[in-house]
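Asks: Build me a model from this:
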Amino acid sequence: MPSDDCLKKLYIEPTARCNLRCKMCFRNSWKNEIIGDMRPETFRKAMTTMPDSVETVFFGGMGEPLAHPDIVEMVSTASSLGKRVELLSNGTLLDARRTAELLDAGLDMLWLSIDALDDGRYAQIRRNSQLALVKEHIVEFNRQRARLDRTVRLGVAFVVMKSNAHELALLPYFSTYYKVNEVNISNVIPTDEHTASEVLYNNVVDWGLGDPAPMESSPRIHLPLMDWQDPAAQEGLRSLLSTSMCSVYLSGQRVSRAARHCRFIDEGMAFVKFDGHVSPCMSLLRNATLYWRQKQRETRSHFFGDLAEQGLDEIWNAPDYADFRRRVRNFEFSPCYRCSLCENWEQGLTDCYGNDAPTCGGCLWSEGVISCP
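Replies: A predicted model of the protein is given here:
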């Protein structure tokens, strides 16, 4: 096991329950999934057996963390252990009392899922919610965090689709006005034919931008700073980014995506599902169906242990989990999204290189188009 192969960021799913029904949510594709809350003993086991190398505990997953009755105590426990504590919420349950409790408990960063900046569009995407309410909660959160003698950050997670992509230009103004420190933008996961028609990365996946092999033989294009609001500059940049014949650099930084790698593995992350099962990534937490070019792909959950039977440190250091992380670092998987023509891709049980599930070449996170905070 390499010396740097240590668990640094632990994702905890407090609950699989959610008070909203968002039209683009990954939950819409779940197959026979049980809904429930994390039990106190499960959370206690995670906290008492996690390796000392853990720096951040992130409360999120596929449910609304604030729906868990013990979420404040969970945040307090993680903070008392000297860990950085982050939490992702849809913001609807974040009233003044809950804000005060979370800040007093030691929350270091709050992430809010906001996928539209227009009231009407927000209501269409996030059913059972109103943007005005979330804005009120942000204002109150900012008022309370400003009175603390420590820094608490605010982030926004934004899922971009064809129907809301034009709002990306408004994010800097929104973020400045509401004192947002960081914005994480992800593409939508195609869980049905409708969301499949909303994706903005069909061609990007085809090009394989970011693969080291083709880039070694292709020219590097270095761009200076320009007035990007100028239509001529916009058209030039669009044309450059729409080709696989070169790699583009802006002020020395590569613009093309880093594909065929796993951020979850590379950055030392693990996920604890509400029931105590431990998964290496968000993609493998649930059984689900994805749609891609009029085809369905079955994704299957995969776990390397259960906190009811082992400690988190034991699970992390187990030979099969360590070997899986090695394979993912080397990325010994077929590039399924560049092809997606065979039964292997549809069933997700094996790939064309002979790998059994999980076959990470069929993962949109590894292609660099889906991103989690």
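
Asks: For the longest strand along the chain, list the C-alpha coordinates in CSV.
Replies: Longest among the strand segments of the chain by residue count, using DSSP state E, is strand 153-160. Output in CSV follows, covering the C-alpha atoms of strand 153-160 (Å, rounded to 0.1, in the frame of the first residue of the first chain):
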residue,chain,number,x,y,z
ARG,A,153,-17.5,29.3,4.6
LEU,A,154,-20.6,29.1,2.4
GLY,A,155,-20.7,27.1,-0.9
VAL,A,156,-23.2,26.6,-3.6
ALA,A,157,-23.6,23.3,-5.6
PHE,A,158,-25.1,24.0,-9.0
VAL,A,159,-26.2,21.3,-11.5
VAL,A,160,-26.0,22.6,-15.0
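
Asks: Give the buried residues for it.
Replies: For strand 153-160, the neighbour count (16 or more other C-beta atoms under 10 Å) marks 154-160 as buried. Using the backbone N, CA and C atoms, a C-beta is placed for each residue, glycine as well.

Asks: Am I right that D5 is in contact with D323?
Replies: No: here D5 does not reach D323: they are 11.0 Å apart, not a contact under C-beta atoms under 8 Å.

Asks: out of these two, which sits in the more crowded spot?
Replies: It is D5, of D5 and D323, that has more neighbours when counted by other C-beta atoms under 10 Å, with 15 against 11.

Asks: what's the closest non-adjacent residue to that one?
Replies: Distances taken as C-beta to C-beta, 6 or more residues apart in numbering place R325 nearest to D5, at 6.2 Å, with adjacent residues excluded.

Asks: which residues are contacting the longest strand of the chain?
Replies: Strand 153-160 is contacted from outside by 24, 88, 108-115, 138, 141-142, 145, 168, 171, 174-175, 178-188, 200, 372-373, using C-beta atoms under 8 Å, 6 or more residues apart in numbering.

Asks: Please parse the chain into its domains.
Replies: If you go by automatic domain parsing, the domain ranges for the chain are 9-199+259-362, 210-254.

Asks: Tell me the secondary structure at V57.
Replies: Under DSSP: H, G, I helix; E, B strand; the rest coil, the three-state class of V57 is strand.

Asks: how many neighbours does the nearest residue to it once chain neighbours are set aside have?
Replies: Leaving aside its sequence neighbours, V57 sits nearest to A78 (C-beta to C-beta, 6+ apart; 4.0 Å). A count of nearby residues for A78, using other C-beta under 10 Å, gives 29.

Asks: May I ask which helix or strand encompasses A78?
Replies: helix 71-80 (DSSP states H and E).

Asks: List the contacts of that helix.
Replies: Counting by C-beta under 8 Å, 6+ apart, residues outside helix 71-80 touching it are 12, 14, 43-44, 47, 57, 59, 65, 68, 85, 87, 98, 101-102, 105-108.

Asks: Mark which of those residues are buried, thanks.
Replies: Of these, these count as buried by 16+ other C-beta under 10 Å: 12, 14, 43, 47, 57, 59, 65, 68, 85, 87, 98, 101-102, 105-108.

Asks: I'd assumed E33 was in contact with R286.
Replies: Yes: between R286 and E33 there is a contact at 5.8 Å, judged by C-beta under 8 Å.

Asks: Check the gap between D115 and K23 for me.
Replies: 10 Å (C-beta to C-beta, to the nearest Å).

Asks: Between those two, point out the one with more neighbours.
Replies: Between D115 and K23, counting by other C-beta under 10 Å, D115 is the more crowded of the two (26 against 18).

Asks: May I have the phi/psi pair for the residue located most distally from the centre of the chain?
Replies: Distance from the centre of the chain peaks at A232, with 34.0 Å (C-alpha atoms, centre = their mean). Torsion angles at A232 (phi, psi; degrees, to the nearest 10) stand at phi -60, psi -40.

Asks: before we move on, what about R329?
Replies: For R329, the backbone dihedrals (degrees, to the nearest 10) come out as phi -60, psi -40.

Asks: wait, doesn't it sit right on I265?
Replies: Yes: the pair R329 and I265 passes the contact test of C-beta under 8 Å, sitting 6.2 Å apart.
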